[in-house]
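sequence and computational prediction follow.
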Amino acid sequence: MNMGDTMDQYTITDTDALAEFCALAAQEEYLSIDTEFMREHTYYPKLCLVQIGLQEKAAIIDTLAEGMDLSPLFALLQDKNVMKVFHAARQDLEIFYVLMGAMVAPVFDTQVAAMALGRNEQVSYHALVQEMLQLDLDKGSRMTKWDSRPLSESQMQYAFLDVIPLHQIYPMMRKKLAGREDWIAAALERLCDPETLVIAPERAWKTIKSKSLKPAQRGALAVIAEWREQRAQQKNIPKRWLLSDESVLALAQNMPKTLADAEQLRLKPKKVAGLDQLVALIAKSTPLNDTSRKKKVHLPPNEDLLNIFRLALQGCSHEHGFASRLICTADELQSLAALHPDDAAWAAHPVQNGWRRDIFGLLAEKIARGSVSLRFSGKKLLFEETP
């Protein structure tokens, strides 16, 4: 089955054609969108193609075409009247945010929506298309060099099929999600938070696991990670080319006082340009407490209660056909099991508000109060209110 046979397909290589196509797209309720990019040798993704699917048309926009001005596309991406439908949107949103300095809006992510329809894992686009449209997509061109020109016929077909089935899937998902829109609203809001897309150099250390570091070592980690992030952004090269994560940690843990001390460490790459600068930064660093992990003091959970909560959450997930981690994350479940329903923190807990309370929070409260019993029916576990 070739889904492209029912749609007009265009390749756009100049600004006038792009403006004309974007004007048509602006009249539609929604569009499907995907990108092809290269990132192996750069810090920022190199945008090579943008694919857009409409009701009767689909276009590949050659962003590398000589003289191409993407302003009409950027205006479309910020048009609040047109829904932009992605699958696994994070990297696409990052690319556009860096290029536009603004967020794409509004956004719908079919991978997030799939979790609201019972898919607990991050379902791939190909698996979703197979499941909803019974169509097997060719994955052959996925890892090709998208910045090479001219594009091959197989690359073009692959690119079109990234948005044509997606355009059909969106209304099917919206129909299945009827009444559940609020269930994914928070996840979509987090997805569109600029702070989750672009790493500010001063926050770069938070992306490196550092729980075992002392405050002085964490202070060193912060200045090393900031230095690496700034230089990688300035040079537009991968961070690992400057210093691997393991090497950042090694420097922070050992806090070398001299260049000779630093050179004794097993760093990657073997020769770190600017290593003397890092030694000087480490010497000037100040101790840093990880306040991001200490905003809330979590009491140890009641393990028995936690185990029952896990069973209840699993049952609610199956009953409602909804991914359990969107109802309640593992951390949220642990913090809930450390509380009592009479505690002030209980009512403020995320699971005890909105739709999550209706699905799981109220049952969790009855469990915590001992007003329900657990019974095996012969097929599944049942929670029943006690007399």
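Looks like it arrived, so ask away.

list of residues touching stretch 158-171?
With contact meaning CB atoms under 8 Å, 6 or more residues apart in numbering, stretch 158-171 is reached by 3-4, 7, 9, 30-34, 36, 49, 51-55, 58, 60, 83, 85-87, 108, 110, 125, 128-129, 132-133, 135, 137-138, 140-142, 151. No exception for glycine: its C-beta is placed from N, CA and C like everyone else's.

only whichever of those are buried, select them in ChimeraX.
Selecting just the buried residues from the contacts of stretch 158-171 in ChimeraX takes one command, with 16 or more other CB atoms under 10 Å as the test:
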select :3,7,9,30,31,32,33,34,36,49,51,52,53,54,58,60,83,85,86,87,108,110,125,128,129,132,133,135,137,141,151
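
looking at the contacts of stretch 158-171, which are in strands?
In this view, the contacts of stretch 158-171 that belong to strands under DSSP state E are 9, 30-34, 36, 49, 51-53, 58, 60, 83, 85-86, 108.

measure stretch 91-109 end to end?
Stretch 91-109 has an end-to-end distance of 12 Å (criterion: CA to CA, to the nearest Å).

okay, and for the stretch 51-200 of the chain, where does confidence drop off?
Residue ranges of the stretch 51-200 of the chain with pLDDT under 70: 120, 140-142.

in space, what's closest to the most centrally placed residue in the chain - neighbours in sequence excluded?
Nearest to the geometric centre of the chain sits R90, at 4.5 Å (CA atoms, centre = their mean). Of all residues not flanking R90 in the chain, L191 sits nearest, at 6.5 Å (CB to CB, 6 or more residues apart in numbering).

try A113
Setting aside the residues directly before and after it, A113 is nearest to M173 in space (CB to CB, 6+ apart), at 4.9 Å.

again with V163
Once flanking residues are discounted, V163 sits nearest to G53: 3.6 Å by CB to CB, 6+ apart.

for R218, grab the count of nearby residues.
Look at R218: counted by other CB atoms under 10 Å, it has 19 neighbours.

pull out the buried positions in the helix or strand hosting it.
Per DSSP states H and E, R218 falls inside helix 215-235. Within helix 215-235, the residues that count as buried by 16+ other CB under 10 Å are 217-229, 231-233.

any idea which of these is the one closest to H340?
For the buried residues of helix 215-235, the residue nearest H340 by CB to CB is R218; the value is 33.9 Å.

list the residues that contact that closest one.
Neighbouring residues of R218 by CB under 8 Å, 6+ apart: 205, 210, 252, 287-290.

and if you look at F74?
Residues near F74 by CB under 8 Å, 6+ apart: 96, 99-100, 102.

so it belongs to a strand, correct?
No. Assigned with DSSP: H, G, I helix; E, B strand; the rest coil, F74 falls outside any strand and is helix.

so how far is V112 from it?
Counting by CB to CB, to the nearest Å, the separation of F74 from V112 is 24 Å.

for Y10, same thing?
As judged by CB to CB, Y10 and V112 stand 29 Å apart.

have a look at these two and say which one is more surrounded.
Applying other CB under 10 Å to Y10 and V112 shows that V112 carries more neighbours, namely 24 against 16.

give me the nearest residue to the more buried one, chain neighbours excluded.
Distances taken as CB to CB, 6+ apart put A187 closest to V112, at 4.9 Å, once the chain neighbours are dropped.

next SSE downstream of the helix or strand hosting that neighbour?
According to DSSP H and E, A187 maps onto helix 181-191. Per DSSP H and E, helix 181-191 leads on to helix 194-197 as the next helix or strand towards the C-terminus.

chain center to that following helix, what's the gap?
Remark: helix 194-197 is offset 9 Å from the chain centroid, using CA atoms, centre = their mean, to the nearest Å.

just stretch 275-294 next, same as before
Chain-centre distance of stretch 275-294: 28 Å, with CA atoms, centre = their mean.

give the buried residues for that stretch.
275, 278-279, 281-282, 285, 288.

tell me where the stretch 251-387 of the chain has helices.
For the stretch 251-387 of the chain, helices defined by DSSP state H, counting those that start in this stretch occupy the ranges 259-263, 275-284, 303-320, 324-327, 330-336, 344-348, 354-356, 362-369.

okay, those in CSV with mean pLDDT and distance to D69 next?
Putting the helices of the stretch 251-387 of the chain into CSV (pLDDT from 0 to 100; distance: least, CB to CB, whole Å) gives the following:
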stretch, mean pLDDT, distance to D69
helix 259-263, 96, 47
helix 275-284, 96, 39
helix 303-320, 91, 47
helix 324-327, 85, 40
helix 330-336, 93, 45
helix 344-348, 94, 49
helix 354-356, 87, 44
helix 362-369, 94, 54
